[in-house]
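1. Here is the input, now give the coordinates:
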Amino acid sequence: AQKFLETNGDGAALGLFSYRKAGYLTKRRHYLDAVNEYAAALEAYLIVGNYNSVVASCADLGSTLHRLGEAQYPEARCWLLASIALSRLTRLGRDDAHAEVILGKIYLEQGREFRSRWMLKRAERIAKQAGNRVNLGDAKMVWGQWCKRFGTPDQVVDAAVDALNTFEEITEFDVEQKRRYMQHCFPDLWGDVLKRVKTAKRRSAPRLRSHLT
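-> Sure, this is the predicted structure:
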């Protein structure tokens, strides 16, 4: 497919190919290769004037760079802020809070309590207004990490339960991936999270059966 697109000269299709390939490489944890593909996608999108995808590519570049470790946080932050600024200027991509979530996570890991809280609140607000359940779940998941560092164990459990419930409401979504990630983040409290979720489901089940009958 890549050889055909390079010969064909379809910039939009080549950008989409690089973007999809970058997503695949990210899933495989080949982050440096993914960064190169996102950069290629960004270049193609700039040439054809697809600014909605430019906004998304900047966010994904920052997100992937931050996975390489703290040494890459300054550059990751630049790409994430670029995505946010472009979204404001062009009024595109305003239904996606991915950049805000990752930037909040970076600030959190740097110990910047108030700045990370402000960014996560912004991410949550955007996700709610847009009805973006994936972003909302991710924001709540990072809230759990925020509470782990700056809050209380009860707040961690509340945030993790909210995140898990949000993900489970999404149809055809890989909830198991998010569950494994949260279990890794909150190993000491994961049992409490699952217990809270199961209790809530048991309480809601009789009401649901009564309504159906």
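2. middle-most residue in this structure, spatially?
-> In the chain, the centroid-proximal residue (Cα atoms, centre = their mean) is residue 98; its distance is 4.6 Å.
3. Residue 119 versus the closest residue to residue 150 other than its chain neighbours, what's the distance?
-> With Cβ to Cβ, 6 or more residues apart in numbering as the criterion, residue 150 has its nearest non-adjacent residue at 5.3 Å, and that residue is residue 113. Every residue, glycine included, has its C-beta placed from N, CA and C. When distance is defined by Cβ to Cβ, to the nearest Å, residue 113 is 11 Å away from residue 119.
4. Check residue 142 too.
-> From residue 142 across to residue 119, the span is 9 Å (Cβ to Cβ).
5. list residues touching both of these two?
-> The contact sets of residue 142 and residue 119 overlap at residue 104 (Cβ atoms under 8 Å, 6 or more residues apart in numbering).
6. out of everything not next to it in sequence, what's closest to the residue nearest to the centre of the chain?
-> The shortest distance from residue 98 to any residue that is not its chain neighbour, by Cβ to Cβ, 6+ apart, is 4.9 Å, and that residue is residue 59.
7. burial of the one you found, as a residue count?
-> 27 (other Cβ atoms under 10 Å).
8. quick one: contacts of the strand or helix carrying residue 126?
-> Counting by DSSP states H and E, the secondary-structure element that holds residue 126 is helix 113-130. Helix 113-130 is touched from outside by 94-97, 100-101, 103-105, 107-108, 110, 132-133, 135-136, 138-140, 142-143, 146, 149-150, with contacts defined as Cβ under 8 Å, 6+ apart.
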